Each structure stands twice: as structure tokens, then as C-alpha cells.
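J.: Build me a model from this:
(one chain, ligands or ions: 1)
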Amino acid sequence: MNSFIYNALPSRVVFGAGSLAHLEREIDLLGAKRALVLSTPEQAGQARAVADRLGGRAAGIYARAVMHVPIETAREARDLARRLNADCAIAIGGGSTTCLGKAIALESDLAILAIPTTYAGSEMTPIYGITEAGLKRTGKSTRVLPRAVIYDPELTRTLPVALTVTSAMNAIAHAAEGLYAQNGNPVMSLMAEEGIRALAEALPTVREHADDAAARSDALYGAWLCGAVLGAVGMALHHKLCHTLGGSFNLPHAEVHTVVLPHVIAFNASAAPHAADRINRALGRKGGSAAAGLFDLAQSNGAPIALKDIGMRSDDLDAASELAVSNPYWNPRPIGRAQRGEIRELLQRAFEGVRPE
Ligand code: NAD
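T.: Prediction:
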């Protein structure tokens, strides 16, 4: 066994079909009295339902969360929380809504209670992101970590099938990179492998029967594990590339993760063979290329497999490769300016949707 350091993050998880019924108890445990409910405009109905069940303990609703947390939205939500004298924010939705809650917590004492309805995993991480003048600034602070998380798979039954699959691949990406993280540890590797297994096994059923309760439950369980890995250990090339492609070229978050992941796993395979073995085992494969296994998982579940199909322009591939190598960061296979050409080739393959071998 190699040496390792393991840091547990303080967050309380309540999991299970129908667990939204425990919301009032969880608010009590936070010592909160007045909750501001956050959501996207698309999920305003779910936010209203949460506020209705809280009655007088709902301070109000802010249903204007959008992707990447524009600073103006964060300020508006913070001001509203202050005006309403809220002492807690309930974020019901995907990563965009949870991240809005985090942006509020960053500059206030509001406790965040997250009710995730996608598999993005933001609720388990101390990572925040706020976009100002077109630039997304990210950082880490335990201040923003939701104090309690209610995972109710019933709420994911409405998640459209296409987003279900790409969001699951987004979660799997956290686990896959966690398996070769510089600060990885055996606990997170167990969680990562189990998270990939649970999601990969659930996907075909969820795809056929979007409201299958057991499969939705397994998928959300997998997403929790993968999110916990993202929150606990450092990420590498894959997350760096996706951040660049999403932020600078405005590509959709979960889809970018889906398309890029197999190509990065192929790139890193020789430097992290143990990670590839565990991904294969999680996917139920006897051996071969873990990258191809991930590609097949996405493709067989109907996900996009090429950057050209999700809005990337071939003219931007050079600039993307340049950005990806402009600041040094850790990766099992070292990345620096000398690798610019290889990263450009990786992006070309992802652009065309070539199956990695
Ligand atoms: P999202 O939150 O933007 O949701 C996408 C759309 O799906 C929204 O319209 C949303 O309202 C809708 N939706 C969500 N759940 C639904 C459900 N159950 N039924 C019907 N519609 C539903 O997408 P996402 O992929 O969850 O989050 C992406 C964002 O999260 C990105 O900005 C990304 O950077 C961020 N993120 C942050 C972290 C972190 O640790 N900070 C981790 C992962 C993702």
C-alpha cells in the first residue's frame, strides 16, 4: 500500500426515494428558520412545491439560476437573501443551481441545503465558480460546501434521457480522474470504482424506462459517490480541457465531459494503468482499453461522441490546445508546452468522434 492522506469533508447525506419528506427535519438540524429556495426558471415548479411544503419557513423563491453563475445573478440572489432575512438557502436542481447557492454562501453565513436533480456532483464539493466579464473564476472553500444534501431519486425521474446520459458521463469523469489523482487515496478509489459501476449499470435501464425507480436510485447513488471523489481529490487533464472548452468556447457542460473523457483516458492510460484496470472492472470488462469502454458506454446509450456535433468549430481547436497547455498543472502524464501537439491531436480525435483503441 502506498502512503496517502485522507481528508473527510463535513457534509450530511440523506439518501432514498421519498427522502424529500425529511426536508423540515434537515432544516431544523441546520438550526435554520427561513429558507430561500433556489432553482432554474425551468425548475420553478419544483421550487414552488418545496416552498409550499415549508409554508411559513419559506422566506421566498429565486428561480433565476443559470449555467456558470454570472456575477449579476449571484449578487441579485445574495441581495434577495439579505432582504428576506433568510438564514438558509435550499438549492433544488443541477450543478447550476447548487453553484448559485455556493456563490451566496461565499459571501454570507447562509447554510446551503442541496437537493440535486442531476448527476453533476457539485453538492459534494467545496469548489465554486462565478463568471464575471466572460471569465469564470473558480476556487475552493469549505464555506460553500452544502451542509446537508438530500438525494431523492424520485426528483430525477423527470431528467430528460439525453441529459441523464451525459450527466452520468460527467459524474463518471470525476471518478475516472479521481482514480489517478495525485492526492488519491484508497477510500476515494473504492468510491470511484463503485460510482462508475453503479452509473454504468443503471444507464441502459434508465434510458429505456426513464422513470424506473430502482435504476434512478442506483444512478443517483453512483452520482453521489462520484461527486464525493470530485470534492476530495484533485482533477487533471480531463477537467482542465472541459473547463477550457466549456468556458472559452461556450460548449454545453455535460456533453463536453461525455465526448472528451474517453480521449483523455486513452492519453493517460500508459501513465495510470491501475486506473484503467479499475475503470474496466467497474464497466464489467475483462480487459482491453478502458477508454474504448467509456466511449462505447456513451455511444451505446445514445450520447454525443464528437465535439463537432455539440457546437465546437474546427477553427478553434488550435486555440483550445494552446489554452490547455498555457498553465502548468498536474497530470499522470506530464502536460506542458511540449505536449501541445499531442493535445491538439487528442482534440482532433474528440472533434471527429474517433473511437479510442
Ligand atoms: P444544470 O444544472 O445547468 O441543469 C441543466 C438543465 O436541466 C436546467 O435547465 C435544469 O433546470 C434542468 N434539470 C435539472 N434537473 C432536472 C430534472 N430532474 N428534471 C428536469 N429538468 C432538470 O446542469 P448540470 O450539468 O447539473 O450542471 C452544470 C453546471 O454545474 C456547470 O456550470 C458546471 O460548471 C457546474 N458544476 C460544478 C461543480 C462543482 O463542483 N463546483 C461540479 C459539477 C458541475
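J.: Mind jotting down where the strands sit in the stretch 201-350 of the chain?
T.: Ranges of strands in the stretch 201-350 of the chain, per DSSP state E, counting those that start in this stretch: none exist.
J.: how about the residues of it that lie near the ligand?
T.: Proximity of the stretch 201-350 of the chain to the ligand, by C-beta under 6 Å from any ligand atom, involves residues Leu230, His253, Ala254. Just so you know, the C-beta spots here come from the backbone N, C-alpha and C atoms, and that holds for glycine as well.
J.: what about the helices in the stretch 1-150 of the chain?
T.: Taking DSSP state H, counting those that start in this stretch, the helices of the stretch 1-150 of the chain run over residues 23-30, 44-54, 71-83, 95-106.
J.: Now do the domain split for this structure, please.
T.: 12-156, 161-352 (automatic domain parsing).
J.: how about JSON lines for those, with mean neighbour count and distance to Met1 added?
T.: Putting these into JSON lines (neighbours: other C-beta atoms under 10 Å; distance: least, C-beta to C-beta, whole Å) gives the following:
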{"stretch": "domain 12-156", "mean neighbour count": "20", "distance to Met1": "25"}
{"stretch": "domain 161-352", "mean neighbour count": "21", "distance to Met1": "7"}
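J.: Mean pLDDT added to those domains, as TSV?
T.: Output for these, formatted as TSV (pLDDT from 0 to 100):
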stretch	mean pLDDT
domain 12-156	96
domain 161-352	96
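J.: how about Tyr119, what does it touch?
T.: 156, 164, 167-168, 170-171, 199, 219-220, 222-223, 226-227 (C-beta atoms under 8 Å, 6 or more residues apart in numbering).
J.: and the gap between the closest residue to it other than its chain neighbours and Val264?
T.: Excluding the flanking residues, the one nearest Tyr119 by C-beta to C-beta, 6 or more residues apart in numbering is Ala223, at 3.5 Å. Going from Ala223 to Val264 by C-beta to C-beta, to the nearest Å gives 20 Å.
J.: on that earlier part again, out of the domains of the chain, nearest to Asn2?
T.: domain 161-352 (8.7 Å; C-beta to C-beta).
J.: Centre of the chain to that closest one, how far?
T.: 11 Å (C-alpha atoms, centre = their mean, to the nearest Å).
J.: Can you name the residues that contact the residue lying closest to Gly60 once chain neighbours are set aside?
T.: Nearest non-adjacent residue to Gly60, counting by C-beta to C-beta, 6+ apart: Leu84, 4.8 Å away. The contact partners of Leu84, by C-beta under 8 Å, 6+ apart, come to Arg34, Leu36, Ala59, Gly60.
J.: cool, Gly139 as well?
T.: Ile127, Tyr128, Gly129.
J.: Gly101 too?
T.: Neighbours of Gly101 in contact, by C-beta under 8 Å, 6+ apart: Leu38, Ala89, Ile90, Ala91, Ile112, Ala114, Val144, Pro146.
J.: Isn't the fourth one up against Thr117?
T.: No - with the criterion set as C-beta atoms under 8 Å, Ala91 and Thr117 do not qualify as a contacting pair; they are 9.9 Å apart.
J.: Next one: the residue located most distally from the centre of the chain from Ile104, what distance?
T.: Distance from the C-alpha centroid of the chain peaks at Gly56, with 32.5 Å (C-alpha atoms, centre = their mean). Shown here: Gly56 relative to Ile104, a distance of 21 Å by C-beta to C-beta.
J.: before we move on, what about Ile5?
T.: Note on Ile5: its distance to Ile104, by C-beta to C-beta, is 31 Å.
J.: Next: Ala114.
T.: Counting by C-beta to C-beta - Ala114 and Ile104 are separated by 12 Å.
J.: residues touching the spatially most central residue of the chain, list them.
T.: Per C-alpha atoms, centre = their mean, the C-alpha nearest to the average position across the chain is that of Ala120, at 2.7 Å. Listed by C-beta under 8 Å, 6+ apart, the contact set of Ala120 reads Gly94, Gly95, Thr98, Ser167, Asn170, Ala171, Ala223, Gly227, His253, Ala254.
J.: show me the contacts for the third one.
T.: Under the criterion of C-beta under 8 Å, 6+ apart, the contact partners of Thr98 comprise Ala91, Ile112, Ala114, Pro116, Ala120, Ser122, Glu123, Pro146.
J.: what subset of those residues is also close to the ligand?
T.: Ala120, Ser122.
J.: who touches the closest residue to Ala228 other than its chain neighbours in this structure?
T.: Spatial nearest neighbour of Ala228, excluding adjacent residues (C-beta to C-beta, 6+ apart): Met124 at 4.7 Å. Contacts for Met124 were tallied using C-beta under 8 Å, 6+ apart; they are Leu9, Ser11, Pro146, Val149, Trp224, Gly227, Ala228, Leu230, Gly231.
J.: ok, now Ala282?
T.: Taking C-beta under 8 Å, 6+ apart, we find Ala282 in contact with Ala175, Glu193, Glu194, Ile196, Arg197, Ala200.
J.: Equivalent analysis for Leu110, please.
T.: Leu36, Ala81, Ala86, Asp87, Cys88, Ala89, Ile104.
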